[in-house]
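Peer 1: Here is the input, now give the coordinates:
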Amino acid sequence: MSVPSALPVRAEDIDLSDVAFWARPMAEREAAFAALRAEPGPMRFAEPVVSFAPEGPGFYALVRHAQVVEASRNPEIFSSAQGTTSIHEMPVTFLEYFGSMINMDDPRHARLRRIVSRSFTPKMIKQFEADVEAAATSIVDDLLAAGPGGDFVAQVAARLPLKIICDLMGIPEEHHQTVFEASNILLSGGDPEFITDPEQAGALLLGTAKRLQDLVATLADSSPQGLIQSLTSANIDGEALTPQELGSFFILLVAAGSETTRNAISHALDLFTRHPDQRELVLADLAGRLPGAVEEIVRVASPVGWMRRTLTRDHEMDGTRLREGDKVLLFYWSANRDEAVFAEPYRFDVTRDPNPHVGFGGPGPHFCLGAHLARREITVMLHELLTRVPGIRSVGEPDRLRSSFINGIKRMRYDFQ
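Peer 2: Residues are numbered from 1 along each chain as shown. The predicted structure is shown next:
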């Protein structure tokens, strides 16, 4: 894990809306957020300039653990209904595809979540645990057959969560690559590898979302299985989900259900490579220490960097007066490094206890619905790797996604003996 840069950083020199900031070395970003946490209260930033939405009034950055928890626990003040995954006020055409459960407040959010959560309870996850284990075994079989020198993200980290979420949704294997490529674009955060022409970013995002919505419509019409069947027959407020609602929820699940777990698994290999002492601790007691290691990996990786909320009324936080209509970003990545909560927060420690990280979101109604599934997938994949390929390690620097929203690794070479 990186250690913040020793260079002095002034909070007033930090610009979280500058896309170049998110391409800076990790140690410099760590130092910037440490400086922001040291400020008396939340700081305000301009909104990034994008081609598909007007520039708005700006946002406040909630960077301390207590700030993120407070906002998460008070959804009646910090609303999700105006959008959570975009800083900007999205055009109506975007809302057709991205207006899912994550962008709702209770009571409608709670009703829809209850329907979907039936597929994500620990009991339900236990029922297809054998499928997760079989998939992980097959992936490591392929890894050993291919030998060292490949891309860990493509050959290992991306495959397990993609298969599991697609199987859960009832998506046939011939469509898995479509889902994979679409999630890369939708969660790219503007990375130039995926958004090659910023002026066409809006059209690309809409076109990608439409492909996924068309896919779910096709599956819903042809003997739907799995979670798609549950959603197709769902009844919310006396009404069935519209095709648009079904499509937007499908987009949320396949993107969030594959991308975030993929990045946690990728970060796990990089962390164990950089900290061989922690790898040895886990190997010495795999059953006893792997659960704690998974929590520490999620804390350090914080695959989802932030979520947005909008103030429904005036509210004071750490001496700063937030006004009705103000936007705030809950920076989970920064909260998980808060010196006031985590002793030596820049140390990767698989025995850390307690570990009240917010890597799956803060406490409250929007805590990650798939947290149980994500934990299980990460645990099973790491158990299979550390048991059968204990010497696997990353080689060189990971190729990181240039994004404020997803702390992603696009590619990472691996080696083993």
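
Peer 1: residues contacting the most centrally placed residue in the chain?
Peer 2: Computing the C-alpha centroid of the chain and ranking residues by C-alpha atoms, centre = their mean puts Val304 first, at 3.2 Å. By C-beta atoms under 8 Å, 6 or more residues apart in numbering, the residues touching Val304 are 260, 332, 359, 361, 405-407. Every residue, glycine included, has its C-beta placed from N, CA and C.

Peer 1: Kindly recompute the last result at 6 Å.
Peer 2: Neighbouring residues of Val304 by C-beta atoms under 6 Å, 6 or more residues apart in numbering: Thr260.

Peer 1: Got the confidence number for it?
Peer 2: Here, the pLDDT recorded for Val304 equals 94.

Peer 1: mind listing the strands for this structure?
Peer 2: For the chain, the strands defined by DSSP state E occupy 43-45, 59-62, 78-79, 235-236, 239-240, 306-311, 315-317, 320-322, 327-331, 393-400, 409-415.

Peer 1: Same list, the ones you listed, but as a markdown table with distance to Asp277 and mean neighbour count please.
Peer 2: What follows is these, written out as a markdown table (distance: least, C-beta to C-beta, whole Å; neighbours: other C-beta atoms under 10 Å):
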| stretch | distance to Asp277 | mean neighbour count |
| --- | --- | --- |
| strand 43-45 | 37 | 17 |
| strand 59-62 | 34 | 25 |
| strand 78-79 | 40 | 23 |
| strand 235-236 | 50 | 12 |
| strand 239-240 | 55 | 11 |
| strand 306-311 | 31 | 22 |
| strand 315-317 | 39 | 16 |
| strand 320-322 | 41 | 16 |
| strand 327-331 | 29 | 25 |
| strand 393-400 | 14 | 16 |
| strand 409-415 | 19 | 20 |
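
Peer 1: Ok, which of the ones you listed comes nearest Glu339?
Peer 2: strand 327-331 (14.7 Å; C-beta to C-beta).

Peer 1: Show me what that closest one is in contact with.
Peer 2: Residues from elsewhere that reach strand 327-331 (C-beta under 6 Å, 6+ apart): 59-63, 68, 71, 306-310.

Peer 1: and of these, the nearest to Leu281?
Peer 2: Distance to Leu281 across the contacts of strand 327-331 (C-beta to C-beta) is lowest for Val68, with 28.8 Å.

Peer 1: is it true that the closest one touches Ala335?
Peer 2: Yes: using C-beta atoms under 6 Å as the test, Val68 is close enough to Ala335 to be in contact (4.3 Å).

Peer 1: Find residues that contact each of the two.
Peer 2: Both Val68 and Ala335 are in contact with Val358, where contact means C-beta under 6 Å, 6+ apart.

Peer 1: Those two: which is more packed in?
Peer 2: Under the criterion of other C-beta atoms under 10 Å, the comparison of Val68 against Ala335 puts Ala335 first, with 29 against 26.

Peer 1: correct me, but the more buried one touches Gly359?
Peer 2: No: counting by C-beta under 6 Å, Gly359 is not a contact partner of Ala335; they are 9.3 Å apart.

Peer 1: which residue ranges form the helices in the stretch 1-150 of the chain?
Peer 2: Assigned helices in the stretch 1-150 of the chain, in chain order: 26-37, 65-73, 92-98, 108-117, 122-127, 129-146 (criterion: DSSP state H, counting those that start in this stretch).

Peer 1: What residues sit buried inside the second one?
Peer 2: Spelled out, it's helix 65-73. 65, 67-72 (16 or more other C-beta atoms under 10 Å).

Peer 1: for it, what is the average pLDDT?
Peer 2: 98.

Peer 1: How about residues contacting that helix?
Peer 2: In contact with helix 65-73 (C-beta under 6 Å, 6+ apart) are residues 62, 78, 309, 330, 335, 338, 341, 358, 362-364.

Peer 1: got it, and the fifth one?
Peer 2: Under the contact criterion C-beta under 6 Å, 6+ apart, helix 122-127 has outside partners 372-373, 376.

Peer 1: Neighbours of Gln417, how many?
Peer 2: Gln417 has 7 neighbours, counted by other C-beta under 10 Å.

Peer 1: I misspoke; the intended subject was Pro54.
Peer 2: 10.

Peer 1: what about it, distance to Arg321?
Peer 2: Using C-beta to C-beta, to the nearest Å, Pro54 is found at 25 Å from Arg321.

Peer 1: pLDDT-wise, which helix or strand of the chain ranks last?
Peer 2: helix 92-98 (a mean of 65; mean pLDDT, DSSP states H and E).

Peer 1: picking up where we left off before, quick one, which of the helices of the stretch 1-150 of the chain gets closest to His267.
Peer 2: Distance to His267, taken as C-beta to C-beta, is lowest for helix 26-37 among the helices of the stretch 1-150 of the chain, at 11.4 Å.

Peer 1: Quick one: work out the angle between that closest one and strand 327-331.
Peer 2: 130 degrees (axes from the mean of the first three to the mean of the last three C-alpha atoms, to 10 degrees).

Peer 1: So which bits of helix 26-37 are buried?
Peer 2: Here helix 26-37 shows 26, 29-37 as buried, counting by 16+ other C-beta under 10 Å.

Peer 1: Kindly report the same for stretch 342-358.
Peer 2: Those would be 342, 345, 348-350, 352, 355, 357-358, for stretch 342-358 by 16+ other C-beta under 10 Å.

Peer 1: closest to Gly83 among the residues you listed?
Peer 2: Val358 (19.7 Å).

Peer 1: Is the closest one in contact with Ser334, as I believe?
Peer 2: No: with contacts counted by C-beta under 6 Å, Val358 stays clear of Ser334, the gap being 9.9 Å.

Peer 1: For stretch 349-358, which outside residues touch it?
Peer 2: For stretch 349-358, contacts defined as C-beta under 6 Å, 6+ apart pick out 68, 278, 281-282, 289, 292-293, 295-296, 299, 332, 335-336.

Peer 1: would you list the residues you listed in JSON lines and tack on distance to Ala203?
Peer 2: Formatted as JSON lines, these follow (distance: C-beta to C-beta, whole Å):
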{"residue": "Val68", "distance to Ala203": "34"}
{"residue": "Gln278", "distance to Ala203": "45"}
{"residue": "Leu281", "distance to Ala203": "49"}
{"residue": "Val282", "distance to Ala203": "46"}
{"residue": "Arg289", "distance to Ala203": "48"}
{"residue": "Gly292", "distance to Ala203": "45"}
{"residue": "Ala293", "distance to Ala203": "42"}
{"residue": "Glu295", "distance to Ala203": "40"}
{"residue": "Glu296", "distance to Ala203": "41"}
{"residue": "Arg299", "distance to Ala203": "37"}
{"residue": "Tyr332", "distance to Ala203": "30"}
{"residue": "Ala335", "distance to Ala203": "35"}
{"residue": "Asn336", "distance to Ala203": "35"}
